[in-house]
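Undergrad: How does the following fold in three dimensions:
(4 chains)
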Protein chains: 4
Amino acid sequence: MGGFFGVAAKTDCVADLFYGTDYHSHLGTMRGGMAVYGNSSFVRFIHDISNSQFRSKFEDDIPKMRGSLGIGVISDYEDQPLIIASHLGTYVIVTVGRIANLDKLAAEAFRGRTTHFSEMAGGTINPTELVATLINRENSFVEGIRCAQEAVEGSCSLLLLTEDAVYAARDRWGRTPVAIGRKDDAFCATMETCALPNLDYEVERYLGPGEIVRITPNGVEQLSSPREEMQICSFLWVYYGYPASCYEGINVEQVRYRCGAALAKGDDCKVDMAAGIPDSGTGHAIGYANASGISYGRPFVKYTPTWPRSFMPQEQRIRDLVARMKLIPIREMIRGKRVLFCDDSIVRGTQLRDTIRRLYDYGAQEVHMRPACPPLVYGCKFLNFSRSKSELDLAARKAIKELEGNDSAHLSDYADPTSHRHATMVDRIRGQLGLTSLKYQKLGDLVSAIGLPKCRLCTYCWDGVDSSRAQRSLLSLDAAADEATSKKNA
Amino acid sequence: MGGFFGVAAKTDCVADLFYGTDYHSHLGTMRGGMAVYGNSSFVRFIHDISNSQFRSKFEDDIPKMRGSLGIGVISDYEDQPLIIASHLGTYVIVTVGRIANLDKLAAEAFRGRTTHFSEMAGGTINPTELVATLINRENSFVEGIRCAQEAVEGSCSLLLLTEDAVYAARDRWGRTPVAIGRKDDAFCATMETCALPNLDYEVERYLGPGEIVRITPNGVEQLSSPREEMQICSFLWVYYGYPASCYEGINVEQVRYRCGAALAKGDDCKVDMAAGIPDSGTGHAIGYANASGISYGRPFVKYTPTWPRSFMPQEQRIRDLVARMKLIPIREMIRGKRVLFCDDSIVRGTQLRDTIRRLYDYGAQEVHMRPACPPLVYGCKFLNFSRSKSELDLAARKAIKELEGNDSAHLSDYADPTSHRHATMVDRIRGQLGLTSLKYQKLGDLVSAIGLPKCRLCTYCWDGVDSSRAQRSLLSLDAAADEATSKKNA
Amino acid sequence: MGGFFGVAAKTDCVADLFYGTDYHSHLGTMRGGMAVYGNSSFVRFIHDISNSQFRSKFEDDIPKMRGSLGIGVISDYEDQPLIIASHLGTYVIVTVGRIANLDKLAAEAFRGRTTHFSEMAGGTINPTELVATLINRENSFVEGIRCAQEAVEGSCSLLLLTEDAVYAARDRWGRTPVAIGRKDDAFCATMETCALPNLDYEVERYLGPGEIVRITPNGVEQLSSPREEMQICSFLWVYYGYPASCYEGINVEQVRYRCGAALAKGDDCKVDMAAGIPDSGTGHAIGYANASGISYGRPFVKYTPTWPRSFMPQEQRIRDLVARMKLIPIREMIRGKRVLFCDDSIVRGTQLRDTIRRLYDYGAQEVHMRPACPPLVYGCKFLNFSRSKSELDLAARKAIKELEGNDSAHLSDYADPTSHRHATMVDRIRGQLGLTSLKYQKLGDLVSAIGLPKCRLCTYCWDGVDSSRAQRSLLSLDAAADEATSKKNA
Amino acid sequence: MGGFFGVAAKTDCVADLFYGTDYHSHLGTMRGGMAVYGNSSFVRFIHDISNSQFRSKFEDDIPKMRGSLGIGVISDYEDQPLIIASHLGTYVIVTVGRIANLDKLAAEAFRGRTTHFSEMAGGTINPTELVATLINRENSFVEGIRCAQEAVEGSCSLLLLTEDAVYAARDRWGRTPVAIGRKDDAFCATMETCALPNLDYEVERYLGPGEIVRITPNGVEQLSSPREEMQICSFLWVYYGYPASCYEGINVEQVRYRCGAALAKGDDCKVDMAAGIPDSGTGHAIGYANASGISYGRPFVKYTPTWPRSFMPQEQRIRDLVARMKLIPIREMIRGKRVLFCDDSIVRGTQLRDTIRRLYDYGAQEVHMRPACPPLVYGCKFLNFSRSKSELDLAARKAIKELEGNDSAHLSDYADPTSHRHATMVDRIRGQLGLTSLKYQKLGDLVSAIGLPKCRLCTYCWDGVDSSRAQRSLLSLDAAADEATSKKNA
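TA: Have a look, this model is predicted:
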C-alpha cells in the first residue's frame, strides 16, 4: 500500500523526516525515498529497500540533506519522490493509493502529444508521474490536485513539496488516512500517527476526504474543504495499520482488543490457551483472552531481531527455507494442548494451513481459529494491497467454486453470515485448514469494534458494497447531462 | 555475549549454517562470521553487523560457500571465525564467553617469543586467537581444548572446524549453554535451541559443563565427559535467551510466565492493566496477567519493522533521537490508567526513568513496576554482558552509595530481601524512578521458576555467591600440593 | 562532451554494447548508462562514473542485461539513457551535444501546460528529456527527430532505441561525428570509430550532417538524407578524439603527426629534445620530432595505472595534491636540457604555467612551446566542452584585456596571425608562461593537416567564423517572410 | 611482485601515504593496504584491488586515518599490512619478495608448537605473517629482521611500523630496491622513486643490500650496514620499473632509450616506422627511432581511460573479449607498411603472436621484432613475477623442446648468442610468431645500457648465473664446519 510523511519546520527537518518516514516501513517493502528543499535546491534520494531496511539504506544520504521542508515515502512499487518541472514551477511529489484507470488516463495524456513519461523503470508508467501530469493541467496546485482527485478511479492521497510549502491532500473518498501533527517549531503530515509521539508531535487534526492543505513552518492553511462522504478502509484497523496509530481518532490496538472481545462474546470454546498469529493476530488475541478469562500465551514466537520483513534471498536453496523462518514454535507450549488462535483474516489460507499442520506435528490436541473479520469474498479495487492476490485465490472463493462449480455464483448469499450457504462455505474452509473449529467475526461486530457508522467505512471485500459507485453513477449522469447541454448550446 | 552454530551434514550445510547462525543475532551486535570446509579448502566471511542485519550482510557470500561442515558466530566484539594454521593442522575456531585473565595469558604466551597475535583490529588481542594459542600448546584438539578450558578464567565455549569434523566444547562451569541437534542427514551444535525447529532439528541432548564432542555427519562422539558442578547463568532465562529456546531442557517463555505468576502471587496491587516493557518484559507480564486475572495490554508497542536492534547513526543530530525511537506509546491506553509493568530487571534504570516519565506525560495515573529478578548488586565477572556497565552504575549500588556514602558497604545485607537495608534501598530506587510501587522478585521464587537446584545456577549478580571460586581455591591448593610433591621428587 | 554507442545484432548485443560504450570514456567523466531491449522489456542502468571507471561500475549489471538491441552513453552532465513513454510508444534515448536554447525551449513546452520534466537531478532540466519532448511533438520518430534537429541551437546527435530498431541521427551541422559499423551479424552506430576494430566491426560509412538512419540486425535504412553544409569541430582531431579514431575518414593520430610536422617546418629552434605534454601533446610531438630530426623524449611520464581520469577525492587535504599527480617529471631527462614541447592547445594556461615552472625547478635550461592550433580567442557555443571555462578566462583574452584594458577589442585583428597585435599578444602569453619561445600553429596549416576544405570545418574558436549563423539568418528571414505572408493572408 | 611506501612525518602523513602507495600500483594487482599510527592506536585497511583501482577502494578510508607514521603496500597475492602483537610489542608489517622456502620455515615454526598462523585467506600461510614470526624470534627488531633476511631463500624487503618509527630493510641480496626520500618535514621509504617528485621528496639515498634503517620524522638511523655483494634484478629496468623511477641512481626511461639505441646500432633493417608494443616497449622504441633516424609511430594505441590494468569480468561472454581490448590498431598506419616493433621481452609469446597476426590482418607488409633483452631461458627463482608462468612455457624453452625433444638440453649453449643452437632457436621463434625478422638484444649490450657491473646484476633468467648460490654454498660449508666444531666441543 505505501505510506508517506512530510514536514515543514522552522529549523532543519531532516531528522524528523528520516524517522517519520521510517515509521511507515510496515506499509511498503520495495522502495523508499526522501526529498528536502534547502540551499535553494531540491535534494532527493531513492533506494531499493526490498532486502534491507529503510534506515540502513538512507544513512549515508543524511549528511547530504539539509533543509526545513521535506517529504518522504515508503512505496510498494514505484520510484518516489519525483522532481517535476512544469509550468507551475519545479516541485516534488509522492502519492499513495491505486490508480485503477491508469492506462486510460495515460492514453488521454498521449492524445495531446505533448505529454510523455520518463519514470519508466520496470517498463510501466510510474503512477506518481501520471498524477503529476494531471496536476499540471491546471493553473494552480490546488486546482491541479482537485483535478487529479477527480480523474483517478481508486484512491490517491499525496504530498507535494515546493520551495515554500508542503501540500497534503487526502484521497477523494478518504480511503487512506492523512493526519496533521504539530509541535512548537514544526508541522507535519503523516499517514500513520504512530510516527508522531517519539518525534514530539501531537495530532493536530485528521484531514477529511478530499481535503487539501498547505503546510508551512508557521501553520496549516485549508485550501479545499473535506467532502461529506467517506469510505475509509476497515482493514487499516484489522490488519494494515500499526497498533500505535489512530485513524479518525480511533486507536488500532484498542479496536483489535474490541474485535477479540467480540469474538469471545458467546464463544464457549474450551481451550487451554488463547494465542495470536504474530504479529497481526496479537491484539485480537489479547482482546479475546482478556474478555474470556482464558490464559493468553505465545506458542509461536517471532524472531524479531532479523525477521522484521519479507527478505528474499537470491539463491534458491536458501529461499525455500524462508517462508517459515520467522515464527518459531515452542513445543513445550503446544504439546497436548487445546489452542485457540486469533488472526486478522484468512486470505488465501495456504500459509495458515502449513502453520496449523506444524501445530499438530508439535503435538497440539485441538486447534481453533477466530479470524477478526468475516470471510473475504471480494478483492479490493481501491487500494493496492491485494494486487498480487487474484480475487479467485481467496480461500472463500475457492470454497465457493468447489461447492458451486463456479466461483461467482450466489456471492452475496455466501457473504451473508446467516445463510446456509455461508455456513457450508465456512465448514469447508475449516475442513481444508484442518481446524477443530472455525468462527469468523460478524461484520456488524467488526463495525461496532471500529466504532464508525457503517456508511463511512469501506466494507467491500466482505459484503461487496461500493458506496462510491452509486455516487459516481449519479455524477456521471450529471456529467452526461452537462455534456449534452453544452453540446446543444455549442 | 555472542552465540554460535555449527553443523556437520551429509549434504551441503550452508543454508542450515546461514539460518542457524542468524538465529543467534539477539546475542551480539558487532560482528558476524561463517566458515565452511568444502572443495578441499576453508572459505570464511566476516562482516560488521552493527548497522545492518546478519542476513543482509552475508547474502552475497552464500553463493561462494559450499561444503558439508561449517561453523558460524555472532560476536559482540571481535572478528571471528579465525582460520589457524598450526602443528595440529589448519582449523577454524569461534568462541563465546569472557576471558578475564586475557592479559596474563598473552604475557605468558609472549614469554616464549614464538607466539604472536595478528588479529589485532582495534588494537587489542583477539580473545579467540588467544584461545587458539592455548589449544596449540597440546598434542591434540581434545587436549588443547581442555588446556584452554583450564587456563581461562571467566568462560569459554567454542566450536572448532577441521577438514573432517566440528568440535564443540562447553565452558568448564557450564555458564553458557551448548546443545546438540539432530536430523536425518545432519547434526548440529547450537547455543540457542530456537535455531532448531525451523531447520528440522530435534534436540539430541544438552552438553554438560566442560564436555567436549566431535561431530561428523554420521554422529556425535564424546571426547571428554562433562564435569559434575554447573554454574549456568540464570539471566539466560530472565533476559538473554530467546523465548523459544530451552537450556537444560527448560523453556525460556515458560520460565518467564512462572516468573510473572510468582510476582502476581500475593500481590494485591489494584490496576487497570498489566503490561511488559517490550520485548524482554513481555513473557513476565503475560504470566502476571494470567495469574492475577488483570487484563493484559500493550500501552507501548515496539516498531519491529525497523527497530530490531540498536542501530547507531553516524550523525549526531540523528543519533540523539535514537534512544527512544523503538517504543511507541499509545495515549489512548495510558491516559487515566493505573498500569503495572513487568520487566526482566532494572540495571542502571536511566532509560526506565525516561520511560516512566513519558507514561505520566501521557496521562498515566499510577505506574507500578515488578522486575522479574532481585536487585542487581554485583557486576558479572563470568560473561561479557555487563562489560560496558560498571558495577557502580547499577541502580542498586547507586542507591547504596547515597544511603551509606560508600557503594560497597553492607552489600550482602542489602542483597538480603528480608533486611531493613534492602527495603530502604528498594524504596529509594522506587522514588528515583517515580514509581507508585516497586516490588522485586525474590531470588527463591526466581530459582523455583527456573526449576534447577540453586547450586547449579549462577546467581552471583544478586547474592554475590561464586561457587566456582571455592572450588578453584581447592584446586589451586591441590595443584600447589602436587607441585610441591613433584619438586620434592625431582 | 560525451559519446554514445548503439548496436543491433542478430544475437545478444550486451558485450559489444558494454565495450563499445566504454571506448567513449575519454569523452565524459560524470555519468555512464546503458539500455537494452530483450524479453519484451527495456532494461536500463545509469551510474555515477566520476570517481570510478565505467567498467567497474557496470560489471554487476551485465548479468541482468540480455537483448539484441541496445544503446549506451558516456555523459558529462546528465543522467542518460532515458526511457520515455509517449504517443509514439515507449522508447529509450541518449543525446550528445549542447542545447544553447534549452531555457527557451522549456518555456515553450510549459506554455501548453501538458509537458513536464521529471529528470531533474541537480535541479535543472535534463537536456535529453527536453529533446524527447521535441520528438514527441510529431507523428513519427523521423519527423520528431527532424523537429528536434531544427529546434535545437548548438548541436544534438542522438540514438533512440525502440522495440525493433536503433535510430541514429547526426546533429544538423555535423558538428559531432556519427559512424556506422558492420560485421557479419550486427550493425552499430558510434561516435568514436576506435570502438570498432576490437569488436570486429568495419566502418560501413560516416553519417552526414542531419542524416537519420534506422538500424536493425539486418541492415541500415536511410530515413532522412544528409544536408550539404557541414561544420564538424576541428578540435576533435586536435584534442578530443582518440588517436585510433577517424572522422570523415581521416585518422586522428595521423592528423596530429601532420600538425607536428607543420610546426616543425621552418622552425629552426635548437633543442636537445622534442616532447609532448601527455597525453594530448604526444602525437603532435612525434610528428614534430620525425619531421625535424630532433630526438623525441618523455621528460614527463603519466602514471597510467591509476590516473586515467580526473579523480576527485572528497577530502580537502587529499584533494589539494591531485592536480599535479598524473605527470611525473624525470629529473635526469630535464636537467641542463633545452626542451621543446608540443601540446594540443593553450586554453587558460594556468596548469601549463605550473608545469613549465616545474621544468625549470628540475633544471631545464630552455623550454619552448609549440601548440598544435592557433590561440583560442572565442569560446565554443556549439559543443559542451568549454562549459566550465568562461571565454574571458582564455589565455588569449586575458592577454588582450591586459593590452587593451578591454577583453573584446580588436578580436578579429588579434586572431589574425599576420597582425602586429597578434604578435604582441603571443609574446605576452609567452612571457607569462615563462617560455623561452612560443610559436602557435597557423590556422591554414591546421586545416591542411586535417585535410578537409575549411568551409566544412568549424574554426570558430580561432577565427570567430560561424558559417551556420549566416545560413540561419537566411532561414530566419525566410521564416519571417513566411510569417509575414501568413499573417497577411489570415 | 608488489611494492611498498612508508612515511614518518612531523605532521599528518596520510595524504603522502595514500599517493605514495598508489604510485606502486603497476607492481601488483590483487591487494592494497595501508596502516597508520595515530591517537595511540594503529588503524589499518586492506582491500581487493583486482577489479578496481587502489585509489577508488581506499577513498572512504582516508577520513578514518590520522597519524604521522604510516606504511602502505600493493601486493600481488596476500593481505597486507598485518598488525602483530608479540613480545617485541605491537607492530605493523609489509613485505615484498618471494619466500622460496616458506613451507620449510613454517614446518620449523610448528615444531615448537607455540607458533600459529591466522592470516589464512585462500588456505595458505601468509608469507608476511611468516616473516613476522621470524622477526619475533629475536630480542629486537633489528636482530629479528636480520634473522628473517638470513632465513629467507629468495628475497624479502620489508617495512615495519611501530608506535615511534618506520623500519625499512632491503632484501639480503638487494634484488629489490628500497630508496629513502626526504623533504622538510618528513622522510619516506619507497620501492619506486617515481613516487617522490610529486610529493616533494628528493632521493636521500638508496639502501644497500640487507641494509636496515629506522626512520622517524627527524631522521634516518642506520641500524645494520649494507652488504657488499648485490644481485639487483635487471628486469626492473627492462620491464617492471616505472619509467620515471631510478634504481641505484639509474633512470629507467633512459636505460630503455639506451636499450633501443643498442638494438639500432648495426641494425640495417629497412622499415617505414619504428614502434613499441605499449606500454613496456615504448621507451625502447623511442631509443631505437632516435638512434636509427627511422620515424617513430604508434600503430597501436592503448585505451588508457579504462584499461590501465587487467580487469577480469565475472561473466564469460564478456571475459572472452578482454584479452585484446586494451590495444587499438590504427589501420591507416599499418596498411602497406613495413613496421619494426620493440618490446621489453618475449615471455611465452602467445599474446604477441595474436598481435602480429592482427598487424598482417590490417595490411602490414613486414613485421620486425626487436626485444630489449636476450631470450628468457631460465624461470626466476628470486622474485614473484614469474609465479604463474612455468619455466617450460617460455617461448625459448618450447623452441628448445621442439628442436631437442627435451626442454632442458644444452641450455647454456642455447643461452649463448654466438652459438649455432642459439641462432636456430631464434629463427624457430621468429617463424612461429610469423615475423619478418627477429633480433634479440645481446646481454652485454643490456648490461651496458643499465650501466652497472654485470656482477652486481642478476641476469639469471638469460644466462642461468646465480651468484648468490656460490656464496650461499660457501656460507653453508662454513656453517657446517661451525656446527661440526661446536658438536665436537659439546
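Undergrad: Quick check: next helix or strand after the longest strand along chain A?
TA: With secondary structure taken from DSSP state E, chain A has its longest strand at strand A:89-99. Note on strand A:89-99: by DSSP states H and E, the next helix or strand toward the C-terminus is helix A:102-111.
Undergrad: Would you enumerate the residues in contact with A:D344?
TA: A:V238, A:Y239, A:S280, A:G281, A:H284, A:P371, A:A372, A:C373 (C-beta atoms under 8 Å, 6 or more residues apart in numbering or on different chains). The C-beta positions use only the backbone N, C-alpha and C, and glycine is treated the same way.
Undergrad: and the last one, how many neighbours does it have?
TA: By the other C-beta atoms under 10 Å in any protein chain shown criterion, the neighbourhood of A:C373 contains 26 residues.
Undergrad: In helices, which of the contacts of A:D344 fall?
TA: Residues of these located in helices (DSSP state H): A:H284.
Undergrad: hang on, the earlier thing: list the buried ones in the longest strand of chain A?
TA: By neighbour count on 16 or more other C-beta atoms under 10 Å in any protein chain shown, the buried set for strand A:89-99 is A:T90, A:Y91, A:V92, A:I93, A:V94, A:T95, A:V96, A:G97, A:R98, A:I99.
Undergrad: Looking at the residues you listed, which two lie furthest apart in space?
TA: Across these, the two members that end up farthest from each other (C-beta to C-beta) are A:T90 and A:R98, 27.0 Å apart.
Undergrad: and which of the contacts of A:D344 is nearest C:P217?
TA: A:Y239 (51.2 Å).
Undergrad: Which residue ranges of the stretch 201-350 of chain A form strands?
TA: Here the stretch 201-350 of chain A has its strands, by DSSP state E, counting those that start in this stretch, at A:202-206, A:212-216, A:219-224, A:232-233, A:246-247, A:250-251, A:273-276, A:300-302, A:327-329, A:338-343.
Undergrad: before we move on, back to that, tell me the one of the buried residues of strand A:89-99 nearest D:V166?
TA: Taking those together and measuring to D:V166 by C-beta to C-beta, the closest member is A:V92, at 52.6 Å.
Undergrad: how near is the closest one to chain C?
TA: 9 Å (C-beta to the nearest C-beta, to the nearest Å).
Undergrad: Repeat that for A:D463.
TA: For A:D463 relative to chain C (C-beta to the nearest C-beta), the value is 38 Å.
Undergrad: what sits against the closest residue to that residue other than its chain neighbours?
TA: Of all residues not flanking A:D463 in the chain, A:A415 sits nearest, at 5.3 Å (C-beta to C-beta, 6 or more residues apart in numbering or on different chains). Applying C-beta under 8 Å, 6+ apart to A:A415 gives the contacts A:P374, A:P375, A:V377, A:Y378, A:H422, A:W462, A:D463, A:G464.
Undergrad: mind checking pLDDT for A:A415?
TA: You'll see A:A415 listed with a pLDDT of 92.
Undergrad: Work out for me the element the residue in the stretch 1-150 of chain A positioned nearest to chain D sits within.
TA: At 10.2 Å from chain D, A:D60 is the closest residue in the stretch 1-150 of chain A, using C-beta to the nearest C-beta. For A:D60, there is no helix or strand it lies in under DSSP H and E.
Undergrad: Okay, now the unreliable bits of the stretch 201-350 of chain A?
TA: Along the stretch 201-350 of chain A, segments meeting pLDDT under 70 span A:305-324.
Undergrad: Point out where the stretch 51-200 of chain A drops to low pLDDT.
TA: Where the stretch 51-200 of chain A drops into low confidence, which here means pLDDT under 70, it does so at A:120-122.
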